[in-house]
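1. I need the structure of the sequence given here:
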Amino acid sequence: MKKTKLGEFEELVLLTVLVLQEGAYGVMIKSELENRLNTTLSVGSVQSALKRMEEKGFLTSRFGEATAKRGGKRKRIYTTTPYAHKVLQELKEIRAGFWSAIPKLKTI
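-> Numbers count the residues shown, from 1 in each chain. A predicted model of the protein is given here:
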């Protein structure tokens with residue numbers, strides 16, 4: 001595997017963008033992550049991860065249409081790149097290899 005710098009939180013954000021598809025904008029990404037992780041996140045942590053991953057080539061973004069509901073403001077909608085898909089697949093395979101190599105875990 002190529003040495004790719006992708007932290008755990010970044011990986012979760014990428015997966016969330018894939019899940020949300022056309023609905024992948026800041027507030028929805030944050031909300032989906034909070035629901036799935038059962039925690040509270042700051043807007044800044046999500047926004048900074050999105051910006052970092054766009055700079056690394058994992059995401060692209062575009063502005064959606066302006067809506068009256070948002071006071072005429074447009075949402076920045078995120079999309080994963082083919083590079084992100086490749087890296088996520090590699091990470092999935094690495095994790096699966098580790099899990100299959102672990103002796104059966106005892107349940108309590």
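2. what is the burial count for residue 102?
-> By other C-beta atoms under 10 Å, the residues close to residue 102 number 7. Every C-beta, even on glycine, is put in place using the N, C-alpha and C of the backbone.
3. now do the contacts for residue 14.
-> Going by C-beta atoms under 8 Å, 6 or more residues apart in numbering, residue 14 touches 6, 53, 58, 59, 80, 84, 88.
4. which one of those sits closest to residue 72?
-> Of all the contacts of residue 14, residue 72 sits closest to residue 59, with 25.0 Å by C-beta to C-beta.
5. re the thing from before, dump the contacts of residue 14 into CSV; add distance to residue 74, pLDDT and neighbour count as well.
-> Listed next are those as CSV, based on distance: C-beta to C-beta, whole Å; pLDDT from 0 to 100; neighbours: other C-beta atoms under 10 Å:
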residue, distance to residue 74, pLDDT, neighbour count
6, 28, 85, 18
53, 20, 94, 24
58, 22, 96, 25
59, 17, 97, 23
80, 20, 96, 20
84, 23, 95, 24
88, 28, 94, 17
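6. and of the residues you listed, the nearest to residue 73?
-> Checking the contacts of residue 14 against residue 73 with C-beta to C-beta, the nearest one is residue 59 at 20.2 Å.
7. by contact count, what packs against the worst-scoring helix or strand of the chain on mean pLDDT?
-> Lowest by mean pLDDT, DSSP states H and E among the helices and strands of the chain is strand 59-66, with a mean of 88. Contacts defined by 3 or more C-beta pairs under 8 Å, 6 or more residues apart in numbering; DSSP states H and E place strand 59-66 against helix 43-56, strand 74-80.
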